[in-house]
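*Asks:* Dropping the sequence and predicted coords here.
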Amino acid sequence: MTNIADWLIPCLRQVQVLKQTNSLSHALLITGADGVGQEELAHEMVKDLMCEKNQAAACGTCHSCQLMSADTHPDFRVLDGEASTIKVDQVRLLVRQISQKPQVGQNKVVLITHAQAMNINAANAVLKALEEPADRTFFVLTSSQSSSLMPTIRSRCLLVNVPTPSMNEVKSWLMQQPDGKALGALFWLTTQPFRLLAIQAQGKTQLYAALPDQLAAMLRGTTSVSAVLKGLDSSNIEDYCNGLAAILHQCICHSTGTAIDEALQTIYDTLIARLGIQTLMLRYQSLQKLKSDLQKTNLNPIMQLTHELNQW
Ligand SMILES: [Zn+2]
């Protein structure tokens, strides 16, 4: 079997058993918290569904499996709503393509990831397809905000709920990934395993990893604001905002008794003594506002964040 994260395995098995016994619903909705691996699980399930062999897990060798691993299977279609809204024309085109007889194996699969990004017309088109299911056609949807999907879509799907892994599960899984140790040091930023993996894939591990030490040095007066922001430009200002906001968020939580990541302890001690909790909250709000304004205006990133950090 493919090497997938431990906490995804029970969900995968659940669907494999249903597939093997021919009792799988034609629509699946995979839900769970952000970054726990719904999309990775969905891709594994799709491979199993497309395999021509009548067995639980994909065989990896049949014609369908080979086409899936080459990403060229004509009976598999995917729509991803991560970056932009899913529109009705995209759904209609896909439903039309999938209404033909399978060209290779027996099953056809439509995968819609981040399905909450469907606009109302797109959602209605999917609902119509679910109401009149074509033979041996499966719809697999993923969403971290399944409550924002139309209830009529949800009620037609088999719900597969991905559990949120414990910190220990995430830690031991990270150790098997490239750069896992460096990513494990970013728990102050997020404990979402697949968000950490995405940071690594985008080559941003170092940007985040350096932030606490640089900030601590700036607060001690041994480095300058411009040294902290060295490397900042319009392509990564959102990462700097995310990192700084996460640090402030941890400090605010710590002031109410929550444990703080070791890497942030001296930052907390200095900031709380220098600014106090009310001002820390104001700085946090100001960073969030800066982040949301980034999309609307052409702000100079260096000027904006320099102005912000000068107030810390
Ligand atoms: Zn196969």
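*Replies:* That came in fine, so what should we check first? Numbers count the residues shown, from 1 in each chain.

*Asks:* can we go C-alpha only for contacts and neighbour counts from here?
*Replies:* Noted.

*Asks:* Up against the ion, what does this structure have?
*Replies:* Remark: the part of the chain in contact with the ion comprises 51, 58-60, 62, 65, using CA under 5 Å from the ion.

*Asks:* Quick one: buried ones out of these?
*Replies:* For the residues of the chain next to the ion, a burial check counting by 16 or more other CA atoms under 10 Å picks out 51, 58-60, 65.

*Asks:* In a markdown table, list the residues you listed along with distance to residue 173 and secondary structure.
*Replies:* Putting these into a markdown table (distance: CA to CA, whole Å; DSSP: H, G, I helix; E, B strand; the rest coil) gives the following:
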| residue | distance to residue 173 | secondary structure |
| --- | --- | --- |
| 51 | 27 | coil |
| 58 | 23 | coil |
| 59 | 25 | coil |
| 60 | 24 | coil |
| 65 | 26 | helix |
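
*Asks:* Could you export these as CSV, including pLDDT?
*Replies:* Converted to CSV, those look like this (pLDDT from 0 to 100):
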residue, pLDDT
51, 95
58, 95
59, 95
60, 94
65, 96
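
*Asks:* Residue 254: which of these is nearest?
*Replies:* Using CA to CA, residue 58 comes nearest to residue 254 of these, at 46.9 Å.

*Asks:* residues contacting that closest one?
*Replies:* If you count contacts by CA atoms under 8 Å, 6 or more residues apart in numbering, residue 58 has them with 47-51, 65.

*Asks:* With residue 55 instead?
*Replies:* Shown here is residue 55, whose contacts under the criterion CA under 8 Å, 6+ apart are residue 20.

*Asks:* and if you look at the one 5 residues further on?
*Replies:* Applying CA under 8 Å, 6+ apart, we find residue 60 in contact with 51, 66.

*Asks:* Mind giving me the packing neighbours of the helix or strand where residue 11 lies?
*Replies:* Assigned by DSSP states H and E, residue 11 belongs to helix 9-20. With contacts defined as 3 or more CA pairs under 8 Å, 6 or more residues apart in numbering; DSSP states H and E, the secondary structure elements packing on helix 9-20 are helix 38-50.

*Asks:* where's residue 71 relative to residue 202, distance?
*Replies:* When distance is defined by CA to CA, to the nearest Å, residue 71 is 22 Å away from residue 202.

*Asks:* avg pLDDT for the helix holding residue 11?
*Replies:* Looking at helix 9-20 alone, the average pLDDT works out to 94.

*Asks:* Name the residues of that helix that are buried.
*Replies:* 11-12, 15-16, 19-20.

*Asks:* ok, now stretch 272-289?
*Replies:* 272, 277, 280-281, 283-284, 287-288.

*Asks:* Among those residues, which ones are in helices?
*Replies:* Of those, the ones assigned to helices by DSSP state H are 272, 277, 280-281, 283-284, 287-288.
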